[in-house]
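Q: need the 3D shape of this:
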Amino acid sequence: MTPFGRLLLPGLGVALSLTAGQAPALSVAPPSSVQAAPPGLPFVLIFDERVTATRDLPTWDLQQARRRMLAGEEISWNDMRALADNGDGLAAFRFAQRIESRGDPSLLGDAAFYYATAAYTNRDYAVGPLVRILQQPDVEFTPRRLEHIENSLRAMALAGDAKAAEALTGFYTTGRPFGRQPEKALEFRFDLAEAGDPDAAMALVLEAMSGSSDLALDDEQLLRLLDVVEASDDLGLRTTGANLRRMYESGQVPIRAAASTTPADTPASPAEETTE
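A: Residues are numbered from 1 along each chain as shown. All right, here's what the predicted structure looks like:
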């Protein structure tokens with residue numbers, strides 16, 4: 001498993017209620033691949049890998065439905081939703097597309113939920129349509145669905161998806177749809193940097209050295225961020241990082257005082273460390 005820092009666990013226990021005439025609502029169980037560390041320790045999150053092959057599905061009927069889907073045959077609404085709810089990321093993506101194709105604005109929240117479910121299986125092509133729906137001001141989401149959507153974007157971003165990282169930072173800053181959370185945006189930037197994003201790391205280093213950041217870094221944290229910068233594939237970033245390290249270690253550029261404590265050192269609240 002790959003440590004991604006302090007992550008909210010996915011709210012997958014969502015009762016799905018679609019329009020009349022469709023199959024009855026189903027409760028989606030949390031995937032076994034998501035685990036929490038003991039209270040006070042970082043969370044560990046990996047993608048939902050319940051279904052990586054047809055044989056992973058729990059019943060013969062679902063396996064046959066997936067084989068038909070992969071063969072390009074049309075499968076029923078109920079079969080596709082059942083596949084998605086059992087962890088088939090491809091089915092989740094296609095089901096989201098099918099929901100969207102109905103042209104009913106009231107169903108966009110359902111489509112976003114399934115795009116997020118697809119993203120949770122590490123399907124980066126689900127991020128774009130998910131973000132597009134989230135940017136629409138009139139789409140409504142339940143708190144549980146918002147938690148699931150937020151965590152899917154966060155997982156993708158910390159795994160290196162630039163579109164998810166940019167979108168989530170913007171959502172935290174503007175307040176739609178997760179509520180305006182500048183502290184969470186700052187914490188997320190730090191998590192991105194620690195997860196290996198050299199651009200995020202460089203931005204935080206420059207802000208800390210100039211005193212323009214609200215994030216307080218100690219010596220160890222600053223040097224870890226410089227390590228990320230110097231491991232970049234970009235020669236310019238590596239060179240700048242090495243120069244900043246020399247300047248810092250020689251005392252030419254001290255860390256300047258910041259306005260707040262480091263979010264990464266602040267224990268997660270109990271609400272953040274539990275799942276439904």
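Q: and Arg176, what are its phi and psi?
A: The phi and psi values for Arg176, taken as degrees, to the nearest 10, are phi -120, psi 130.
Q: ok, residues contacting stretch 92-99?
A: Identification of contacts with stretch 92-99 by CB atoms under 8 Å, 6 or more residues apart in numbering yields 18, 69, 77, 80-81, 83-84, 107, 110-115, 117-118, 121, 123, 125-126, 129. Glycine gets a C-beta too; all of them are placed from N, C-alpha and C.
Q: buried among these? Need that as a selection in PyMOL.
A: Restricted to buried positions by 16 or more other CB atoms under 10 Å, the PyMOL selection for the contacts of stretch 92-99 reads:
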select buried, resi 18+69+80+81+83+84+107+110+111+112+113+114+115+117+118+121+123+126+129
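Q: which ones among the contacts of stretch 92-99 are found in helices?
A: 69, 77, 80-81, 83-84, 110-115, 117-118, 129 (DSSP state H).
Q: the stretch 51-200 of the chain: helices as residue ranges?
A: 60-70, 77-85, 89-101, 108-119, 127-134, 143-158, 162-174, 182-194, 198-210 (DSSP state H, counting those that start in this stretch).
Q: ok, how many other residues are close to the nearest residue to Asp161 once chain neighbours are set aside?
A: Leaving aside its chain neighbours, Asp161 sits nearest to Asp124 (5.4 Å; criterion: CB to CB, 6 or more residues apart in numbering). Per other CB atoms under 10 Å, the neighbour tally for Asp124 reads 15.
Q: just Glu187 next, same as before
A: Look at Glu187: counted by other CB under 10 Å, it has 20 neighbours.
Q: distance of it from Pro198?
A: Separation of Glu187 from Pro198 (CB to CB, to the nearest Å): 19 Å.
Q: do Gly175 as well
A: Gly175 sits at a distance of 28 Å from Pro198 (criterion: CB to CB).
Q: which one's more surrounded, the two?
A: Using other CB under 10 Å as the criterion, Gly175 and Pro198 rank with Pro198 on top: 20 against 11.
Q: so how far is Leu204 from the more buried one?
A: Separation of Pro198 from Leu204 (CB to CB) stands at 11 Å.
Q: coming back round to it: and of the helices of the stretch 51-200 of the chain, who's closest to Gly251?
A: Among these, the nearest to Gly251 by CB to CB is helix 198-210 (12.2 Å).
Q: do me a favour and average the pLDDT over the closest one.
A: For helix 198-210, mean pLDDT rounds to 77.
Q: buried stuff in it?
A: Neighbour counts over helix 198-210 (16+ other CB under 10 Å) mark Pro198, Asp199, Ala200, Ala201, Met202, Ala203, Leu204, Val205, Glu207, Ala208, Met209 as buried.
Q: contacting residues for the first one?
A: For Pro198, the contact set (CB under 8 Å, 6+ apart) comprises Val228, Val229, Ala231, Ser232, Asp234, Leu237, Gly241.
Q: skipping its backbone neighbours, what lies nearest the fifth one in space?
A: Leaving out its chain neighbours, the residue that sits closest to Asp234 by CB to CB, 6+ apart is Pro198, at 6.8 Å.
Q: roughly how far does that neighbour sit from Arg154?
A: 19 Å.
Q: contacting residues around Ala203?
A: Per CB under 8 Å, 6+ apart, neighbours of Ala203: Arg189, Ala193.
Q: should've said Leu168
A: Leu168 makes contact with Glu150, Leu153, Arg154, Ala157, Phe188 under the criterion CB under 8 Å, 6+ apart.
Q: count of neighbours near the third one?
A: Same thing as Arg154. 22.
Q: hmm, it is touching Phe188, no?
A: Yes - at 7.3 Å, Arg154 and Phe188 qualify as touching, with contact defined as CB atoms under 8 Å.
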